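1. what follows is a predicted structure for the sequence shown.
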Amino acid sequence: RYKCTVCEKMFNRPSSLKTHIYSHTGEKPYVCQVMGCQKKFSVLSNLRRHLKTHQPN
């Protein structure tokens, strides 16, 4: 198990802890690459969901 040093929340995977740490740091490493957008996200799945907004209906 992996423990957050800020709030002591526990995680089963180091990748989950890393994503959680972004909630403390405010870091948003996942950036929309669609021209003119540049929205940023701390969670990759949120970027993937956002990308659907650029798809035609």
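-> Structure's in. What do you need?
2. residue boundaries of the helices in this structure?
-> 14-25, 44-51 (DSSP state H).
3. let's have those in JSON lines, adding mean neighbour count.
-> C-beta: built from backbone N, CA, C; applies to glycine. Output for the helices of the chain, formatted as JSON lines (neighbours: other Cβ atoms under 10 Å):
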{"stretch": "helix 14-25", "mean neighbour count": "14"}
{"stretch": "helix 44-51", "mean neighbour count": "13"}
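4. identify whichever of the ones you listed lies nearest to R1.
-> With Cβ to Cβ, the closest approach to R1 among the helices of the chain belongs to helix 14-25: 9.3 Å.
5. hmm, back to that, could I get the helices of the chain as JSON lines with distance to C7?
-> Listed next are those as JSON lines, based on distance: least, Cβ to Cβ, whole Å:
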{"stretch": "helix 14-25", "distance to C7": "7"}
{"stretch": "helix 44-51", "distance to C7": "20"}
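6. and those helices as TSV, adding mean pLDDT and distance to K3?
-> Below are those laid out as TSV (pLDDT from 0 to 100; distance: least, Cβ to Cβ, whole Å):
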stretch	mean pLDDT	distance to K3
helix 14-25	97	8
helix 44-51	97	22
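7. quick check: L44 touching Y30?
-> Yes. Judged on Cβ atoms under 8 Å, L44 makes contact with Y30 at a distance of 5.3 Å.
8. picking up where we left off before, of the helices of the chain, which is nearest Y2?
-> helix 14-25 (4.2 Å).
9. what sits up against the closest one?
-> 2-4, 6-7, 9, 11, 27-29, 42-44 (Cβ atoms under 8 Å, 6 or more residues apart in numbering).
10. noted, bye for now.
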